[in-house]
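> Sharing a model that was predicted from the sequence below.
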Amino acid sequence: MAGRNDSGASEKKSNEATNDMSTFNAENLQSNMKIIYYSRTFLSIIGGVIAGILGFTGFTGFIFYFLVMAITSVGLMAKAKFSVHSYFDSWNRIILDGFLGGLMSFVLFWTLAYDIVHIF
């Protein structure tokens, strides 16, 4: 038969487990994700224009895109003061979400700027 101390210890363990689990406001998390999506899309467009003006072609342009997205991820982490778990539920949210989402915008503006500057 379990004594009072044993049940108290289990209650203490369960209280510690609930305190360790952080909760997020769904509206704030959704707003943060929207900001990440918009900033990645905007920087994809700007990066595409820059890649087109600089005359990148082929594989070099895609490397430039991944470089821009990596810099964007570091910038977003710096904006969150490298305390990602205060604003997001995981590192994947800030590093990987939307990484390929802006690729179509990048290619569109990359080819448009390249055609305007180097072909016409």
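Cool, the structure landed. Numbers count the residues shown, from 1 in each chain.
> Let me see the contact set for the residue nearest to Val117 when sequence neighbours are not counted.
In this structure, Val117 finds its nearest non-sequential neighbour in Ile53, 5.4 Å apart by CB to CB, 6 or more residues apart in numbering. C-beta: built from backbone N, CA, C; applies to glycine. Neighbouring residues of Ile53 by CB atoms under 8 Å, 6 or more residues apart in numbering: 113-114, 117.
> What's the biggest helix in the protein, counting residues?
Ranked by number of residues, the top helix in the chain under DSSP state H is helix 26-54.
> and the next element down the chain from it?
Sequence-wise, the next helix or strand downstream of helix 26-54 (DSSP states H and E) is helix 59-79.
> just checking, what packs against that following helix?
Under the contact criterion of 3 or more CB pairs under 8 Å, 6 or more residues apart in numbering; DSSP states H and E, helix 59-79 touches helix 26-54, helix 91-95, helix 103-114.
> Mind telling me which of these the model trusts least?
Lowest mean pLDDT within the helices and strands packed on helix 59-79: helix 91-95, a mean of 82.
> For Thr111, see how far away the residue positioned nearest the centre of the chain is.
Centroid-nearest residue in the chain: Ile94, 2.7 Å away (criterion: CA atoms, centre = their mean). Taking CB to CB, to the nearest Å as the measure, Ile94 falls 29 Å from Thr111.
> Quick check on Tyr87: phi, psi?
phi -120, psi -20 (degrees, to the nearest 10).
> Contacts only, for it.
28-29, 32, 80.
> and the contacts of Ile53, which are buried?
When the contacts of Ile53 are checked for burial by 16 or more other CB atoms under 10 Å, the buried set is 113-114.
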